[in-house]
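K.L.:
Structure, please.
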Amino acid sequence: MTKMKRGFTRHLLTHKTSNDFTCENCNYITNIKGNFKKHLLTHKSKDFKCDKCDYMTSDKGHIKSHLLIHSSKDLKCEKCNYATNLKDNLTRHVSLHKISKDFKCEKCHYMTNIKWTFKNHLLTHKVSKDFKCEKCNYATSIKGYFTRHLLKHKTSNDFTCEKCDYMTNIKWAFKNHLLTHKVSKDFKCEKCHYMTNIKRRFTMHLLTHKTSNDFSCEKCDYTTNIKGNFQKHLVIHKSKDFKCDKCDYMTNFKWVLKKHLLTHKSKDLKCEKCNYATNIKSNLMKHVAIHISKDFKCDQCHYTTHNKGYLKQHVLIHRISKNFKCAKCNYATNNKHYLSSHLLIHNKFKIYKCLKCDYSTNFKARLLKHSSRHIQ
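P.N.:
Okay, the predicted model is just below:
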């Protein structure tokens, strides 16, 4: 049930059958018009027959395409043995012979129709290799190749320590290493024997001695490094200024006392239909709803409700007449397509059969579900 007309309309669509198109010649049903049209063609007489084989079709265009198979390949290429009976195919083939190799090398048989590729090829014949390596016999006429080659001879250890065998090509790593040879340890810890000549490391070391409890209570042993927790703790030692005049309850907070006083307040709000009482108005309203009588009753069944709108929606259920009845059982419905689907239950001939066992059904969805069991 729903109060919204739009929601009700949307719900009615769920009862609409998905099979709007039914074939008069067989049991085929579908809700897609295009599929239905294609299916009808299967019942159409195949008027177009091939006089050279057993091929038959109901479509004139299909027979034309088929006849090309038997046609002799009259269209031949003048430059090779290629032959075809389709003009478009021949045109595409001939274009392969038309690609001219405009760029030809005078020093070898190399040919190409791409200018930049031809330029690169010519460099392979260039005699003078202007770029020569001083450390090996490598020579090239291309500066880029030469630059890349020089990187092979570059040592990976540009920074060498004079006091030991340490080598590296990273400047900052080399600087850090040199500090290890520095004699004076300028930074010394007063709380232990730790010494270092690096200020940053010394600062980090000092943190290891820092206590995690910076806030200590003077009235007890409580310690913490969180200021907020410390402030809350101090309240414990504060005199409890807010006292209840009806009991021994005391607190440091005014709002806590107000909440406590509610427990002593008389429950002035009472239910007229039972002994329920409360001092909170919202609680009473929730309780009263329990006693609201279900004043709206359906005259066709036992349905009752305290909402008039709900009753109106319920009555609609009884208004829909079930005009479509099954002749073989007591099934009745207000939807023609539902009845069609139901009649399949009584149909002895099963449309859908499983290829892997003897299972058969009139419902495609059930066959699909069954077939999934055979899938390993």
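
K.L.:
what about V288, which SS state?
P.N.:
Applying DSSP: H, G, I helix; E, B strand; the rest coil to V288 yields a three-state assignment of helix.

K.L.:
just use 21 as the starting number from now, easier for me
P.N.:
All set: I'll call the first residue 21, so the last point we hit is now V308.

K.L.:
my guess is it meets C291, correct?
P.N.:
Yes. Between V308 and C291 there is a contact at 6.4 Å, judged by Cβ atoms under 8 Å. Quick note: C-beta positions are derived from backbone N, CA and C, even for glycine.

K.L.:
and whichever strand or helix holds L170, what other elements does it pack with?
P.N.:
Using DSSP states H and E, L170 falls within helix 163-173. Here helix 163-173 touches strand 151-152, going by 3 or more Cβ pairs under 8 Å, 6 or more residues apart in numbering; DSSP states H and E.

K.L.:
which residues sit against the strand it packs on?
P.N.:
With contact meaning Cβ atoms under 8 Å, 6 or more residues apart in numbering, strand 151-152 is reached by 158-163, 165-166.

K.L.:
on that earlier part again, so which bits of the helix holding L170 are buried?
P.N.:
Of the residues in helix 163-173, 166, 169 count as buried by neighbour count, 16 or more other Cβ atoms under 10 Å.

K.L.:
With stretch 350-359 instead?
P.N.:
Buried-residue list, stretch 350-359, by 16+ other Cβ under 10 Å: 351, 353, 355, 357-359.

K.L.:
Can you point out the buried residues in stretch 215-231?
P.N.:
Judged by neighbour count (16+ other Cβ under 10 Å), stretch 215-231 contains these buried residues: 216, 218, 222, 225.

K.L.:
same deal with stretch 250-269?
P.N.:
Those would be 250, 253, 269, for stretch 250-269 by 16+ other Cβ under 10 Å.

K.L.:
and what of stretch 182-196?
P.N.:
Neighbour counts over stretch 182-196 (16+ other Cβ under 10 Å) mark 186, 188, 194 as buried.

K.L.:
Using CSV, write down the CA coordinates of it.
P.N.:
In CSV, the C-alpha atoms belonging to stretch 182-196 read as follows (Å, rounded to 0.1, in the frame of the first residue of the first chain):
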residue,chain,number,x,y,z
GLU,A,182,90.2,10.6,1.2
LYS,A,183,90.1,8.9,4.6
CYS,A,184,88.7,5.6,3.7
ASP,A,185,87.5,3.5,0.6
TYR,A,186,84.0,4.9,0.6
MET,A,187,82.7,6.0,-2.8
THR,A,188,79.3,7.3,-4.0
ASN,A,189,77.7,9.4,-6.8
ILE,A,190,75.3,11.1,-4.4
LYS,A,191,76.5,14.4,-3.0
TRP,A,192,74.4,14.5,0.1
ALA,A,193,75.3,10.9,1.0
PHE,A,194,79.0,11.8,0.6
LYS,A,195,78.6,14.8,3.0
ASN,A,196,76.9,12.6,5.6
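
K.L.:
and that stretch, how far from the chain's centre?
P.N.:
In this view, stretch 182-196 has its centroid 50 Å away from the chain centroid, taken as Cα atoms, centre = their mean, to the nearest Å.

K.L.:
Kindly report the same for stretch 284-298.
P.N.:
How far stretch 284-298 lies from its chain's middle: 54 Å, per Cα atoms, centre = their mean.

K.L.:
For that stretch, list the C-alpha coordinates in PDB.
P.N.:
Extracted C-alpha coordinates of stretch 284-298, given in PDB (Å, rounded to 0.1, in the frame of the first residue of the first chain):
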ATOM      1  CA  HIS A 284      12.500  13.700  41.600                       C
ATOM      2  CA  LYS A 285      10.000  15.600  39.500                       C
ATOM      3  CA  SER A 286       6.400  14.300  39.800                       C
ATOM      4  CA  LYS A 287       5.100  12.600  36.800                       C
ATOM      5  CA  ASP A 288       2.300  15.100  36.000                       C
ATOM      6  CA  LEU A 289       1.700  13.800  32.400                       C
ATOM      7  CA  LYS A 290      -0.700  10.800  32.700                       C
ATOM      8  CA  CYS A 291      -2.400   8.600  30.100                       C
ATOM      9  CA  GLU A 292      -6.200   8.800  30.200                       C
ATOM     10  CA  LYS A 293      -6.600   5.200  29.100                       C
ATOM     11  CA  CYS A 294      -4.100   3.400  31.400                       C
ATOM     12  CA  ASN A 295      -1.800   4.000  34.400                       C
ATOM     13  CA  TYR A 296       1.100   5.300  32.400                       C
ATOM     14  CA  ALA A 297       2.700   8.500  33.700                       C
ATOM     15  CA  THR A 298       5.700  10.600  32.700                       C
END
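
K.L.:
average pLDDT across that stretch?
P.N.:
The average pLDDT for stretch 284-298 rounds to 82.

K.L.:
contacting residues around it?
P.N.:
Outside stretch 284-298, the residues that touch it by Cβ under 8 Å, 6+ apart are 264, 266-267, 299-301, 303-304, 307-308, 311.

K.L.:
if I look at K348, how far off is L142?
P.N.:
91 Å (Cβ to Cβ, to the nearest Å).

K.L.:
Neighbour count: those two, which is higher?
P.N.:
L142 (13 against 10; other Cβ atoms under 10 Å).

K.L.:
How are the helices of the stretch 271-396 of the chain distributed by residue range?
P.N.:
274-281, 301-311, 328-339, 356-366, 384-391 (DSSP state H, counting those that start in this stretch).

K.L.:
Could you list the buried residues of the longest one?
P.N.:
Under the neighbour-count criterion of 16+ other Cβ under 10 Å, helix 328-339 has 330-331, 333-334 buried.

K.L.:
what two of those residues are the furthest from one another?
P.N.:
Among the buried residues of helix 328-339, the pair separated by the greatest distance (Cβ to Cβ) is L331 and Q333, at 7.3 Å.
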